[in-house]
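Peer 1: predicted model, plus sequence, below.
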Amino acid sequence: MFSTLVRGGLRRHSPAIARCLFSSSASLAAAEVKKLGVVGAGQMGLGIALVAAQKAEIPVTLIDNSQESLDKGLKFAEKLLDKDVAKERLTREAATAVRDRLKPSLKLEDLSDVDFVIEAVPEIPDLKTSIFSQIAQIAPKHAILATNTSSISITKIAAATTNDPKDLQAPSRVISTHFMNPVPVQKGVEIITGLQTSQETIDTAIAFVQRMGKIPARSADSPGFLANRILMPYINEAIICLETGVGSREDIDSIMKHGTNVPMGPLTLADFIGLDTCLAIMNVLHQETGDSKYRPAGLLKKMVDAGWLGKKSGKGFYEY
Ligand code: NAD
């Protein structure tokens with residue numbers, strides 16, 4: 001009942017243009033998503049792969065161009081599964097089954113048998129479009145091609161899947177499933193459609209993230225979508241407050257944590273997200289809207305230049 005209501009509500013916001021363009025494309029029901037591919041085994045990709053293997057109980061081909069990232073990611077997945085076993089949230093057998101569903105690979109070609117791909121490489125427009133042009137060739141013609149981008153236009157990413165503007169097939173299968181960090185914990189997933197996205201793709205993506213135990217919310221393809229359009233200027237303003245001496249890092253985090261009942265302050269949150277990701281999103285908001293209110297804080301730029309990217313590099317606003 002609940003999911004019917006959610007789907008009904010979500011459908012009302014679906015783009016009329018896409019409905020007209022794609023009235024009868026081949027659909028792939030979420031139940032038919034039997035194998036997932038994830039590109040990028042960093043903090044988001046690993047989390048997405050793990051949750052799909054655990055909740056949707058399907059095999060996941062996990063691709064990265066760095067063996068070190070794959071090793072690090074899988075070690076982290078094992079650590080999380082061990083923790084679940086220790087807390088009796090999972091049996092040892094179930095944890096082993098989940099781990100066995102994760103198949104690491106260094107080759108995009110291994111996506112040739114998946115039904116759904118989720119890309120989670122760094123927030124660099126040219127890198128994302130290059131990956132999409134390749135996976136559109138490699139993945140089966142029915143596969144949904146999803147991105148986890150935090151801010152880049154889905155319409156632009158979809159356009160990279162074909163050289164022919166009249167060929168609507170591959171772009172119609174592109175969508176964003178924007179998972180939140182940390183993926184095993186956060187329930188919300190933003191579903192963002194490009195101009196080309198078909199209704200079947202939307203339905204399949206919504207049903208699939210629900211199978212993963214997540215709660216979808218729709219957003220238009222607008223810079224930053226909903227979550228980061230609201231969150232990033234808040235984090236950026238906190239950095240400006242630090243930079244201009246309005247408050248110390250502890251006071252900024254303390255007043256927001258204890259004054260607005262969020263689990264952590266904005267500077268700690270920025271360290272968890274990754275300062276490179278925060279800067280990339282602010283740059284997209286600034287460039288795409290041309291609005292000076294989205295100008296990235298000078299200190300944020302300097303910290304990224306210094307390689308102080310937050311928790312993942314061992315130093316950000318705090319030390320790890
Ligand atoms: P990350 O830096 O932790 O991981 C990126 C991974 O991609 C790395 O393992 C890297 O080796 C790999 N990679 C780089 N180039 C590649 C290539 N050509 N082929 C295959 N793998 C490649 O980044 P992340 O924080 O996981 O972010 C990934 C995406 O998710 C970004 O688009 C980001 O904006 C988005 N996102 C991040 C967060 C967050 O809180 N970090 C939240 C929501 C969405």
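Peer 2: That came through fine. Residues are numbered from 1 along each chain as shown.
Peer 1: got phi/psi on V39?
Peer 2: Phi and psi for V39, reported as degrees, to the nearest 10, are phi -110, psi 120.
Peer 1: quick one, what contacts it?
Peer 2: Shown in contact with V39 (C-beta atoms under 8 Å, 6 or more residues apart in numbering): 45, 63-64, 108, 111, 117-121, 131, 135. Every C-beta, even on glycine, is put in place using the N, C-alpha and C of the backbone.
Peer 1: could you find the closest non-adjacent residue to the closest residue to the ligand within the stretch 201-320 of the chain?
Peer 2: At 3.7 Å from the ligand, I273 is the closest residue in the stretch 201-320 of the chain, using C-beta to the nearest ligand atom. In this structure, I273 finds its nearest non-sequential neighbour in N181, 6.1 Å apart by C-beta to C-beta, 6 or more residues apart in numbering.
Peer 1: wait, doesn't that neighbour sit right on D271?
Peer 2: No. N181 lies out of contact with D271 (C-beta atoms under 8 Å); the separation is 11.4 Å.
Peer 1: looking at the two, which one has more neighbours?
Peer 2: Using other C-beta atoms under 10 Å as the criterion, N181 and D271 rank with D271 on top: 25 against 16.
Peer 1: and that one, which of the three is it?
Peer 2: Three-state assignment for D271 (DSSP: H, G, I helix; E, B strand; the rest coil): helix.
Peer 1: got the residues of the protein near the ligand?
Peer 2: Residues of the chain lying close to the ligand (C-beta under 6 Å from any ligand atom) are 39-45, 63-66, 69, 120-123, 127, 148-150, 180-181, 273-274, 277, 312.
Peer 1: what sits against the most centrally placed residue in the chain?
Peer 2: Central residue of the chain (C-alpha atoms, centre = their mean): N148, 2.8 Å from the mean position. Contact analysis of N148 by C-beta under 8 Å, 6+ apart lists 40, 44-45, 48, 118-120, 176-179.
Peer 1: P125 - how many residues pack around it?
Peer 2: For P125, the count of nearby residues is 17 (other C-beta under 10 Å).
Peer 1: got the contact list for the nearest residue to it once chain neighbours are set aside?
Peer 2: Once flanking residues are discounted, P125 sits nearest to I152: 5.3 Å by C-beta to C-beta, 6+ apart. Going by C-beta under 8 Å, 6+ apart, I152 touches 123, 125, 128, 284.
Peer 1: hang on, I152 is in a helix, isn't it?
Peer 2: No. I152: not assigned to a helix; according to three-state DSSP it is coil.
Peer 1: ok, now how distant is it from E237?
Peer 2: Distance, I152 to E237, using C-beta to C-beta, to the nearest Å: 23 Å.
Peer 1: how about the stretch 1-150 of the chain: which residue is closest to the ligand?
Peer 2: Distances between the stretch 1-150 of the chain and the ligand by C-beta to the nearest ligand atom are smallest at G42, namely 1.7 Å.
Peer 1: quick one, what contacts that residue?
Peer 2: G42 neighbours (C-beta under 8 Å, 6+ apart): 64, 69, 73, 120-122, 312.
Peer 1: just the buried residues out of those, in ChimeraX syntax.
Peer 2: Of the contacts of G42, the buried ones go into a single ChimeraX selection, burial set by 16 or more other C-beta atoms under 10 Å:
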select :64,69,73,120,121,312
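Peer 1: so which of the contacts of G42 are in helices?
Peer 2: Using DSSP state H, the members of the contacts of G42 that fall in helices are 69, 73.
Peer 1: related to what we said a few turns ago, my read: the residue of the stretch 201-320 of the chain closest to the ligand touches P182, true?
Peer 2: No. Judged on C-beta under 8 Å, I273 makes no contact with P182 at a distance of 10.4 Å.
Peer 1: more neighbours, these two?
Peer 2: Using other C-beta under 10 Å, the more surrounded residue of I273 and P182 is I273, with 25 against 14.
Peer 1: look up how far E243 lies from that one.
Peer 2: According to C-beta to C-beta, I273 stands 18 Å off from E243.
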